[in-house]
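Peer 1: turn this into a model:
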Amino acid sequence: MVNQLIQTKIKSYFKSIADNYPDVSMNAEIISGMPVIKGSRIPISLIISCLSDGMNIDEICSEYNLKVDEVRNSLEFVIEVIDRPFFMRETKYYSEPILLQYFPQEEIMKIREEKRKINLENMKKTKK
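Peer 2: You can find the predicted model right below:
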């Protein structure tokens, strides 16, 4: 019963974040509700794996027929998931230990570095 409650709360937590990202979708009928690039069956975890394998955003876009904004938006989603704490007072579970199982520290650092690059690019665009 507690396990079911935790799963429901965690899914709700991910969905509440995904709702803020137009290129991220979570639907129980698409890959069991895993976060995917909207309009596709490409899980966001695949994008992370590609980065882990040394691919850059342009290579990922070319390989999977995605737009740069879709990939960046999915990375921003992952960063927010990692950065926004998940806490259930009833059971005292935190998100970080759960999430770190799926996103090892070196992957988190790569994602944050990519986010930093995106932010720098956006700042340069706004200054023009």
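Peer 1: give me the low-pLDDT residue ranges for this protein?
Peer 2: 1-3, 5, 85-109, 127-128 (pLDDT under 70).
Peer 1: quick one: the most centrally placed residue in it from Gln4, how far?
Peer 2: What sits nearest the mean C-alpha location of the chain, by CA atoms, centre = their mean, is Val78, with 2.4 Å. Here Val78 is placed at a distance of 26 Å from Gln4 (CB to CB, to the nearest Å). For every residue, glycine as well, the C-beta is placed using N, CA and C.
Peer 1: re earlier: pretty sure the residue nearest to the centre of the chain sits against Leu46.
Peer 2: No: Val78 lies out of contact with Leu46 (CB atoms under 8 Å); the separation is 11.7 Å.
Peer 1: the chain: helices as residue ranges?
Peer 2: Using DSSP state H, the helices of the chain run over 2-18, 44-52, 57-64, 68-83, 95-102, 105-127.
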